[in-house]
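Novice: any chance you can model this:
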Amino acid sequence: MKELLLLRHAKSSWDDPALDDFDRPLAQRGLKAAKLMGLELAARDWLPDQVLVSSALRTRDTWRLVAAELPAHPRVVFAEALYEASAADILSQIRKVDPSSGCVAVVGHNPGLEDLAKQLAGSGSEAKAHKRLEEKFPTAAIARFVFDGDWSGLSVARLTHCLRPKDLS
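Specialist: Sure thing, here's the model as predicted:
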């Protein structure tokens, strides 16, 4: 069984209006949320073998803080293709991951990440998780999916969890 973790970047700062969107850092709230989500991934033993991270500063910083809480360091690919990517573009990147990876995480942006999560959530998805996903997929939220098959054929999966920082604190 394969496991996919979709992690939206943590809350970013808008304090410096002169910065390009790509270069926005995390806000204080985002720093805390990213660490919290890393602790939760470790506690649940949701440990990726491979991670695809948008190359924007806020996604790289989110992953750095999450990874600091994990017991092992997976292979990380920083991908410019994930910045402002559509659901189809994100899925295309996932389908290219190492076939031997059992758990893959993607750290990206909305609306593409949320759209992909909603698209992937197939029959057998956990009702509470699906409801949370439909309500809102806020910054630092994690959608966890499981499926049988290969990454290259991923089109639908079972949503098992939709965790938001506010649900954990």
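Novice: immediately after the helix ranked longest in the chain, which helix or strand?
Specialist: Identified as the longest helix of the chain according to DSSP state H is helix 28-44. On the C-terminal side of helix 28-44, the closest following helix or strand by DSSP states H and E is strand 50-54.
Novice: how big is the angle separating the following helix or strand past that following strand from helix 28-44?
Specialist: Using DSSP H and E, the helix or strand that follows strand 50-54 in sequence is helix 57-67. Interaxial angle, helix 57-67 versus helix 28-44 (axes from the mean of the first three to the mean of the last three CA atoms, to 10 degrees): 40 degrees.
Novice: what is helix 57-67 packed up against?
Specialist: Here helix 57-67 touches strand 2-8, helix 28-44, strand 50-54, strand 75-79, strand 103-108, going by 3 or more CB pairs under 8 Å, 6 or more residues apart in numbering; DSSP states H and E. C-beta: built from backbone N, CA, C; applies to glycine.
Novice: how about the lowest-mean-pLDDT helix or strand in the chain as CSV, C-alpha atoms only?
Specialist: Lowest by mean pLDDT, DSSP states H and E among the helices and strands of the chain is helix 165-168, with a mean of 91. C-alpha atoms of helix 165-168 as CSV (Å, rounded to 0.1, in the frame of the first residue of the first chain):
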residue,chain,number,x,y,z
PRO,A,165,-3.0,22.9,13.0
LYS,A,166,-6.0,24.2,14.8
ASP,A,167,-7.2,20.6,15.3
LEU,A,168,-4.0,19.7,17.1
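Novice: next, the buried residues of that helix.
Specialist: P165 (16 or more other CB atoms under 10 Å).
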